[in-house]
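In: test case, fold it:
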Amino acid sequence: MEADPVLAPAALYKALAQRIETETGLCFAARVEDLRRAMGRMAEALGFNHAGACAAWLLAGDWDRDKADACAPYLTVSETYFFREPRAFSLVLDYAREKIAGCGQSGKPVRIWSAGCCTGEEAYSIAILLRQHLPRSALQRISILGTDINGRNLEAARAAAYRHWSFRNADPALWRPHFRQMEDGRFRLNQEIREMVTFAALNLAAPEDFPAAAGIQAMDIIFCRNVLMYFSRAQARKAIARFRQCLVEGGWLVVNPSEASAELFEGFSAVYYPDAVYFRKTGQGQVAPARTGMAIPQPPSRPALAPRLPLRPKRAGETAASPAAALARCGKPEAADPDLYHSMALSALEAGDGPAALHNLKRVLYLRPDCIVSHYLLGTLHASSGRLQAAARQFETASGLLASLGRDEVVPRSEGLSAAYLLAAMQLRLQGEIT
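Out: Residues are numbered from 1 along each chain as shown. This next block holds a predicted model:
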């Protein structure tokens, strides 16, 4: 492949960034160099002489399916794994149990949508969870849809064969019974679970896709995690409004904290956690106040929620460990172990205990001030509590530390997130509600 001409005008990539945002929602306005590198990889794969020639092809003529399919693998990040951020899966289980119990056998189905489903791990995690915890008769009422703009991702999702890396943070007891290992070392999901999920191509930035896709109407819960962070605020606002139209009254939209700028979610009430944010559809035009809580709020007339789904199944005789008990296992009451404090912070985040998470993250940073993930998590905690200046300081520190890593390097203790991914999340948060 020839080198991209030195004199290729910057206007070419600026125009391409504008078109890609219009056609796909993906925002490269502040990441033109990233776009140019993506065009270089795409040009090499498709046989163009250089990145500029590839960019010119995308700018010429109509934006058709060929262009969309060709671009998607180079413009989107395919990074996910099974049972990622488990708190949100508890919402699914609680909601499904209550709706099925309240409507009886003849009631309406429980409809769940994984928007931006990548290679299917999220949608299949939902299916596995419901298969494990609901009676077989209730499973007939479950409908799970996964959509993505990337055709290669959808092919992989339908094949449902995964490397061990896709299970890197999941307890084997949660997933192993539903897979068989193949000769090439991959794990193939069983047919029963695969049949619970339908996959389809859908562009979240294309309004014409929404009325055409009848399967996305009357949804109970929509997952859209790690997608909106790549949109401009204008495109994110449009996508969120379309999600709202697709939800039943009282339905839930689940996003990540880095994507949860409250001004984008008109017509929703918010429940913030450090590792997830739930937005519940409220009355037309109503903007309900955001809340931070230890459990999902429900109207008083409804029955109490089922117990939260743990990170892994509890074993016989096991009880939840307190921070003091964890320290005691180290042999002294105040063990200065940053790894222990990090684990305790993550456990507190999973339990919804913000003060304990804050305390242990500060302990980590006292002992290990260069821990990128701890700065990021601390910033997220501050932002969720309205301490925006403190959050900005933590994000800026983490961003500075990320400069020492390559864009594709995995950030230590981040559960597989790349430096580019974490940097994009923080930059959007800093440019958005934290100013």
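In: all contacts plus neighbour counts: C-alpha atoms, from now on.
Out: Noted.
In: for the longest strand along the chain, the distance to its chain's centre please.
Out: Under DSSP state E, the strand in the chain containing the largest number of residues is strand 247-255. In terms of CA atoms, centre = their mean, to the nearest Å, the gap separating the centre of strand 247-255 from the centre of its chain is 16 Å.
In: I'd like the next helix or strand past that strand.
Out: On the C-terminal side of strand 247-255, the closest following helix or strand by DSSP states H and E is strand 268-272.
In: past that next one, which element shows up next along the chain?
Out: Moving toward the C-terminus from strand 268-272, the first helix or strand encountered (DSSP H and E) is strand 277-281.
In: taking strand 247-255 as reference, get the angle to that following strand.
Out: With axes from the mean of the first three to the mean of the last three CA atoms, to 10 degrees defining the directions, strand 277-281 sits at 170 degrees from strand 247-255.
In: and strand 277-281 with strand 268-272, angle?
Out: Between the axis of strand 277-281 and that of strand 268-272 there is an angle of 160 degrees, by the same axes, to 10 degrees.
In: one step back: quick one: contacts of the longest strand of the chain?
Out: Under the contact criterion CA atoms under 8 Å, 6 or more residues apart in numbering, strand 247-255 has outside partners 88, 217-226, 243, 276-283.
In: same thing with stretch 30-41?
Out: Surrounding stretch 30-41, the residues in contact under the criterion CA under 8 Å, 6+ apart are 13, 14, 17, 28, 50, 51, 52, 54, 55, 74, 75.
In: which pair of these spans the longest distance?
Out: The most widely separated members of the contacts of stretch 30-41 are 28 and 50, with 19.5 Å between them, by CA to CA.
In: residues in contact with residue 236?
Out: For residue 236, the residues meeting the contact criterion (CA under 8 Å, 6+ apart) are 25, 228, 264.
In: let me see the mean pLDDT of whatever helix or strand it lives in.
Out: Under the criterion DSSP H and E, the helix or strand holding residue 236 is helix 233-246. Averaging pLDDT along helix 233-246 yields 90.
In: follow-up on the earlier one: look at residue 28 and residue 50 and report which has more neighbours.
Out: A side-by-side neighbour count of residue 28 and residue 50, using other CA atoms under 10 Å, places residue 28 first with 23 against 19.
In: how about the strands in the protein?
Out: 110-115, 142-148, 161-162, 179-181, 187-189, 197-201, 219-223, 247-255, 268-272, 277-281, 291-292.
In: need the least confident one among those strands, by mean pLDDT.
Out: Among those, strand 291-292 carries the lowest mean pLDDT, a mean of 38.
In: and the closest residue to residue 207 other than its chain neighbours, how many neighbours?
Out: Nearest in space to residue 207, with sequence neighbours left out and distances taken as CA to CA, 6 or more residues apart in numbering, is residue 242 at 8.0 Å. Using other CA under 10 Å, residue 242 has 16 other residues around it.
In: so how far is residue 168 from residue 242?
Out: Here the criterion is CA to CA, to the nearest Å. By it, residue 242 lies 33 Å from residue 168.
In: now swap in residue 271 and tell me
Out: With distances taken as CA to CA, residue 271 is found 28 Å from residue 168.
In: equivalent analysis for residue 21, please.
Out: Per CA to CA, residue 21 is found 33 Å from residue 168.
In: look at these two and report which has more neighbours.
Out: residue 21 (19 against 15).
In: picking that back up, and the contacts of strand 247-255, which are buried?
Out: Neighbour counting by 16 or more other CA atoms under 10 Å classes 88, 217-226, 243, 276-282 among those as buried.
In: what about stretch 69-76, distance to the chain center?
Out: 18 Å.
In: give me the contact list for it.
Out: Outside of stretch 69-76, the residues that reach it under the criterion CA under 8 Å, 6+ apart are 26, 35, 38, 39, 41, 42, 149, 150, 151, 152.
In: residues of stretch 142-153 that come out buried?
Out: By neighbour count on 16+ other CA under 10 Å, the buried set for stretch 142-153 is 142, 143, 144, 145, 146, 147, 148, 149, 150, 151, 153.
In: so who does residue 127 touch?
Out: 144, 193, 196, 197.
In: max-length helix in this structure?
Out: With secondary structure taken from DSSP state H, the chain has its longest helix at helix 87-103.
In: correct me if wrong: residue 167 contacts residue 84.
Out: No. With contacts counted by CA atoms under 8 Å, residue 167 stays clear of residue 84, the gap being 9.2 Å.
In: how long is stretch 344-364 end to end?
Out: Distance between the boundary residues of stretch 344-364 (CA to CA) amounts to 10 Å.
In: any idea of the mean pLDDT in that stretch?
Out: Here the average pLDDT along stretch 344-364 is 79.
In: chain center to it: distance?
Out: Counting by CA atoms, centre = their mean, stretch 344-364 comes out at 21 Å from the chain centroid.
In: just stretch 33-42 next, same as before
Out: 24 Å.
In: may I have that stretch as CSV, with CA atoms only?
Out: Output in CSV follows, covering the C-alpha atoms of stretch 33-42 (Å, rounded to 0.1, in the frame of the first residue of the first chain):
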residue,chain,number,x,y,z
GLU,A,33,-5.9,11.4,13.7
ASP,A,34,-7.6,8.3,15.0
LEU,A,35,-9.9,8.4,12.0
ARG,A,36,-6.9,8.7,9.6
ARG,A,37,-5.3,5.7,11.2
ALA,A,38,-8.5,3.7,10.9
MET,A,39,-8.6,4.6,7.2
GLY,A,40,-5.1,3.3,6.9
ARG,A,41,-6.0,-0.1,8.3
MET,A,42,-9.2,-0.1,6.2
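In: what's the burial count for residue 68?
Out: Other residues within reach of residue 68 by the criterion other CA under 10 Å amount to 18.
In: contacts only, for it.
Out: Residue 68 makes contacts with residue 149, as judged by CA under 8 Å, 6+ apart.
In: pLDDT wise, what is it at?
Out: Confidence per residue is given as pLDDT, and for residue 68 that number is 83.
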